[in-house]
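In: from the sequence below, what's the structure:
(2 chains)
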Amino acid sequence: MKGIVILQYFENENLLSEFSENNLLVDGAGETICDMLTISPSLSAIPSASAILDASNYTIQAVSFGKDSDGYRTHAHGLYFNLLLPLTPTGVRVASYESASLSSYHGSAMPFIFSSAGFALAPYKLLPKYPDPIDTRLETKNTAVFPGLASFIVGNDVGQNLNSLQSLDEIGGLEPFGTGVSPGTYPPNIGIAWRILSSPSNIDSVIVSGVYRGTFNKVGSMDYSGYVTMMSSSVVQGLQFGGSAVTNISGLSIFALSNFSSTGRVGYHVTLSGGDAGLAALYGGIYHIGLWTLDMKSLLESGQTPPYSFNRYINPRKYRLFAKKTFNQDITYITDDTSIVPAISGAFDFQNKAININWTLIF
Amino acid sequence: MNFFEELQPKGHLQIVKLFPSGQEEILLDEKNVIVSGFGVGLSYLFTLSGSQRITDYQLERFQFGVCAVQAVSSSVFKLDYPISSIAHYGSDTKLLLVSATQVRNGTNFPNQVFGIIPHKNVTRVSNTSVRYTIVLDERTLNDLGNYGYPGGTDAALREIGLFMKNPRGDASTASFLCAYKQFSSIKKTSDFSLVFRWIITL
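Out: Sure, this is the predicted structure:
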C-alpha cells in the first residue's frame, strides 16, 4: 500500500501547474485495518452496537492541514498585530519583512516570534516536523497559539490549523475573528478583510489588502479543529461531484476509475479555494496535510456509539491519522517576485485561483 | 513500525505438529505471501462500493490444498489444488465448513469448500498485527490418498490460503484469496493434530 499526492493549481479553472509526490502511510493505517480485521462479528446481534460494524467507520473520513510549530505563534496568529494595533479597521494583518515592492506574504521571511507586547521573543524557525511512521498528528510539537493558556483557546494544541471562524457565519460572537487570539485559519463565508503591512507598528502602511471568503465555511465542511469531513458516501457519489476534476467542492470526496478493483487505486479529493488558501498563507501557510479515519477505539472507550454524525461546531468524531504528507515549501506559496518560479505567480490575491489536492491510495 | 513510504502487509506462518501427549514439533516457521486479493478487498472498503458490513472484509475463511507447483507471487489468486469436498475433511471433524463462491481473477467459481476460522481464534497481538489460529485435530483431513488427489495414495497437504469473506457484498458470499503459503508435504494422520498460527502484520 502506498499513497501519491497530486497538487493542481488552477486559475479560472485552467490548470497552471501540477506537482506529484509519494506520501507516508503511518502506523495508524495498519491499526485501522487491524481494527477492521478483529472487530467482533457478534456485535451484530446487539441492536445498540450493530452500527459499530458499518464499513464506513473504518475508512477515510477527513483531511486536515498544518504547518510548523513556531508558525502558530507568529504570522497572523501574532498578538502584536491583531491586539495592539487599532481594532478598526478589523481583519487580519501581517507584516511583510520582504521588499515593499512585493505584494505577497511569505512566512519564511518572518524573523521572530513576537510577544503580546511586540517584543521579539525568539528567532522564528520554520521547521515543520519531518514525517515519521509513528506520527499520530500532523505537527508533533506544540501548536498552541499561546502554550499554557489552553483554557483561553479550547483545544488549540491539536497539531494542525484550526477553524474558529464559522462563528461569524451563524453563531456570531463566540470566537470573534481578527482579535489576534483567534487560532482560526480559514475565512468565513461572509468574508474577512486582510492587509499586508510594510511596518509591524503602523496600520496605515498597507502594501496590499483585500477580502477573502472561505468555501470550507460556506459549505460547512470543516469543524472547529480543522478537519474537513468526507462529503460523499460512496465512490458513486464522489464521481457525481466531479471525481478528481472538481474545483468547487470544498469537502473531501472519493474518486476512482471503474477498474479500481484491479488497480487498487482509490482517490480522495479536496479543493482549497482561493480564499481558504490565501488566508492560510497569511497564517503561515500549509506544510502538512493528512488523511484521517475515525478512531473507533477512542470513540468506543469514551462511551460514544455510532452513528457519529459530523457537526462542525461540536464534532463528536475522534480521528486517527492514516496518511501524511509534509512539504518543504508552503503549498499556498504565491508571489510576484519574478526572480523565482513559484507554483502560482502574481499578486497575493488568489483571485479565481484554487488548489486541487488529489490523494491516491494504492492498495 | 515501517520506515518506508509504502505500508507493506506481511505474513508469517508457523505450522506445529501437536501430539496427544502435548509434545509439539515445529514443522514450518516462515514468511508467507500477501496476494493482490487483499488489495482488492481493501479497495472495495475504501471506495465504500462493496459490502456495508465490516465483517465481510475480515479474513475469516481458509482452504487447504494438495499441490504446490504454481509459482508464488502476489498475483496468485487461488490454491493450486484445493480440497474440493467437505466430506474429505472427515466426517467427525470439528471444523465449520461451508461451500461458497470464490472469486478468481474476477471470475466467480461457485461451490468451493472453505473452512471458517472461529472469531475466538482471531487474536490481536499488537496494534498492527493479527494472529489467526487454525487447528486440524486428529479427526480432520486424514488419509487424503483415498480421494484421488495428486500424489495418489501419498496425497498430502501442500498449501494453505486465507480468504476475505465477501468484500463485494455479493448476495451469495464470494471470497477473495488474500494470503497464501506453500509448504513441504504433510501427510495428516489421526496420530496428531496440526496447528497453523498465521500472523498478518500491517
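In: pLDDT score assigned to the residue nearest to A:Ser44 when sequence neighbours are not counted?
Out: Distance criterion CB to CB, 6 or more residues apart in numbering or on different chains; nearest residue to A:Ser44, sequence neighbours excluded, is A:Ser50 at 5.1 Å. For glycine as for every other residue, the C-beta is placed from the backbone atoms N, C-alpha and C. A:Ser50 is assigned 77 on the pLDDT scale.
In: show me what the residue most central in space within chain A bridges to in the sheet.
Out: Most central in chain A under CA atoms, centre = their mean is A:Phe65, positioned 2.8 Å from the mean C-alpha point. Per DSSP bridges, the residues bridged to A:Phe65 are A:Ile289.
In: for it, give me the pLDDT.
Out: 97.
In: also the one 10 residues further on?
Out: Residue-level confidence at A:His75 comes out at 85, pLDDT.
In: list the contacts for it?
Out: A:94, A:107, A:110, A:282-284 (CB atoms under 8 Å, 6 or more residues apart in numbering or on different chains).
In: what's the closest of those residues to A:Val236?
Out: Nearest to A:Val236 out of the contacts of A:His75 is A:Tyr283 (CB to CB; 35.9 Å).
In: how about the contacts made by the residue lying closest to B:Ile34 once chain neighbours are set aside?
Out: Once flanking residues are discounted, B:Ile34 sits nearest to B:Pro9: 4.6 Å by CB to CB, 6+ apart. Going by CB under 8 Å, 6+ apart, B:Pro9 touches A:1, B:34, B:38, B:200-202.
In: going by neighbour count, which of those comes out on top?
Out: Per-residue neighbour counts (other CB atoms under 10 Å in any protein chain shown) across these peak at B:Phe38, which has 28 neighbours.
In: correct me, but A:Trp194 touches A:Val206?
Out: No. Look at A:Trp194 against A:Val206 with CB atoms under 8 Å: they stay out of range, at 10.2 Å.
In: neighbour count winner among those two?
Out: A:Trp194 (25 against 14).
In: what strand or helix carries that one?
Out: Secondary-structure assignment from DSSP states H and E places A:Trp194 in strand A:192-197.
In: partner strands of that strand, with direction?
Out: Counting by DSSP bridges, strand A:192-197 is paired with strand A:92-95 (parallel), strand A:206-212 (antiparallel).
In: would you say A:Leu300 is within a helix?
Out: Yes. Assessed with DSSP: H, G, I helix; E, B strand; the rest coil, A:Leu300 lies in a helix.
In: any idea how far it lies from A:Ile52?
Out: In this view, A:Leu300 and A:Ile52 are 7 Å apart by CB to CB, to the nearest Å.
In: neighbour count winner among the two?
Out: Shown here are A:Leu300 and A:Ile52; by other CB under 10 Å, A:Ile52 has more neighbours (19 against 16).
In: now for the more buried one: which residues touch it?
Out: By CB under 8 Å, 6+ apart, the neighbours of A:Ile52 are A:39, A:43, A:296, A:300, A:305-306.
In: circling back to that earlier point, highest average neighbour count across the strands paired with strand A:192-197?
Out: By mean neighbour count, with neighbours taken as mean count of other CB atoms under 10 Å in any protein chain shown, strand A:92-95 ranks first of the strands paired with strand A:192-197 at a mean of 25.
In: shouldn't B:Lys120 be within a strand?
Out: No. B:Lys120 is assigned helix when assessed by three-state DSSP, not a strand.
In: count the neighbours of it for me.
Out: The burial count for B:Lys120: 8, using other CB under 10 Å.
In: over to B:Ser85?
Out: By other CB under 10 Å, neighbour count at B:Ser85 equals 11.
In: and what of the one 4 residues further on?
Out: Summarising burial for B:Tyr89: neighbours were counted as other CB under 10 Å, giving 21.
In: could you pull out the helices in the chain for me?
Out: Looking at chain A here, since you left the chain open. A:27-38, A:79, A:216-219, A:235-241, A:260-263, A:274-282, A:296-301 (DSSP state H).
In: ah, I was thinking of chain B
Out: Ranges of helices in chain B, per DSSP H, are B:36-46.
In: where does it have low pLDDT?
Out: Applying pLDDT under 70 to chain B picks out residues B:1-5.
In: grab the nearest non-local neighbour of residue 27.
Out: Since you didn't name a chain, this refers to chain A. Nearest to A:Asp27 is A:Pro133, by CB to CB, 6+ apart, at 5.3 Å.
In: not quite, I wanted chain B
Out: With sequence-adjacent residues excluded and distances taken as CB to CB, 6+ apart, B:Leu27 is closest to B:Ile15, at 4.5 Å.
In: so how far is B:Pro118 from the one you found?
Out: Counting by CB to CB - B:Ile15 and B:Pro118 are separated by 19 Å.
In: strands along chain B, start to end?
Out: Taking DSSP state E as the test, the strands found in chain B are B:10-18, B:24-34, B:61-65, B:96-104, B:107-116, B:122-126, B:129-136, B:157-164, B:174-186, B:193-201.
In: pick the most buried one from those strands.
Out: Mean neighbour counts for the strands of chain B (mean count of other CB under 10 Å) peak at strand B:157-164, with a mean of 26.
In: next up, the contacts around the residue of chain A found nearest chain B.
Out: Relative to chain B, the nearest point of chain A is A:Gly30 (3.3 Å; CB to the nearest CB). Listed by CB under 8 Å, 6+ apart, the contact set of A:Gly30 reads B:2, B:7, B:127-128, B:201-202.
In: in these, find the pair that's most separated.
Out: B:Leu7 and B:Asn127 (13.1 Å).
In: higher neighbour count, these two?
Out: B:Leu7 (23 against 14).
In: wait, doesn't that one sit right on A:Met1?
Out: Yes. Applying CB under 8 Å, one finds B:Leu7 in contact with A:Met1, separated by 4.4 Å.
In: okay, and the common contacts of these two?
Out: Shared contacts of B:Leu7 and A:Met1, counting by CB under 8 Å, 6+ apart, come down to A:25, A:29.
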